[in-house]
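Trainee: 3D model of this:
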Amino acid sequence: MPKRSQWVVLAGFVLLCLGVGAVGGWVTAAAVRDWYPALVKPAWNPPSWIFGPVWTTLYVMMGVAAWLVWRSNPRFSAIRLAMILFFVQLALNCLWSFLFFGGRSPGLALVDIAALFVVLGLTVTAFFPHSKPAGFLLLPYLAWVGFATALNASMWWLN
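Mentor: Model (predicted):
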């Protein structure tokens, strides 16, 4: 594939991931003003301002990771499982905002984020054979989702 086309695909993956983040932000906005502040949160809950920069960084890293796997093998059949897992985890990521903030349901969101953690772990495992840098790029995301799962669970328990 021509070099220019590869950069277009990279931009597409990054923009797709950032778009998922933007949709999540849109769903989250109203609840962050009126519902979320009233929730009982654990003492180790990070300050609200940290979520935007962390998620933006993770979405960019996710897009780059997907692009590295995509360009690792021109035959889609060789990377099919890895890419299917990537898109499933991306959908679960997006769904979480709708469940937690849009639906104001920490319990349903907990089920979703637990599934996200599992599928993301499978995605990382599937990415490594195609591109070690891609697998490593997803590890901070996996760690953050693990932390977010514990945070979601504690808010469900406390509320």
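Trainee: any idea which helix or strand comes after the longest helix seen in the chain?
Mentor: Counting residues, the longest helix in the chain under DSSP state H turns out to be helix 3-34. The C-terminal neighbour of helix 3-34 among helices and strands, as given by DSSP states H and E, is helix 51-72.
Trainee: chain center to that following helix, what's the gap?
Mentor: Here the centre of helix 51-72 is set off from its chain's centre by 9 Å, with CA atoms, centre = their mean, to the nearest Å.
Trainee: packing partners of it?
Mentor: The contact analysis (3 or more CB pairs under 8 Å, 6 or more residues apart in numbering; DSSP states H and E) places helix 51-72 against helix 3-34, helix 76-97, helix 106-127, helix 132-158. (Each C-beta comes from the backbone N, C-alpha and C, glycine too.)
Trainee: among the ones you listed, which is nearest residue 41?
Mentor: Evaluated over the helices and strands packed on helix 51-72, closeness to residue 41 peaks at helix 132-158, with 6.1 Å, by CB to CB.
Trainee: buried residues, the closest one. List them.
Mentor: Within helix 132-158, the residues scored as buried using 16 or more other CB atoms under 10 Å are 134-135, 137-138, 141-142, 144-145, 148-149, 151-156.
Trainee: if we can go back for a sec, from the helices and strands packed on helix 51-72, which stretch is densest packed?
Mentor: helix 106-127 (a mean of 20; mean count of other CB atoms under 10 Å).
Trainee: how big is the angle separating that helix from helix 51-72?
Mentor: Helix 106-127 and helix 51-72 are oriented at 30 degrees to each other (axes from the mean of the first three to the mean of the last three CA atoms, to 10 degrees).
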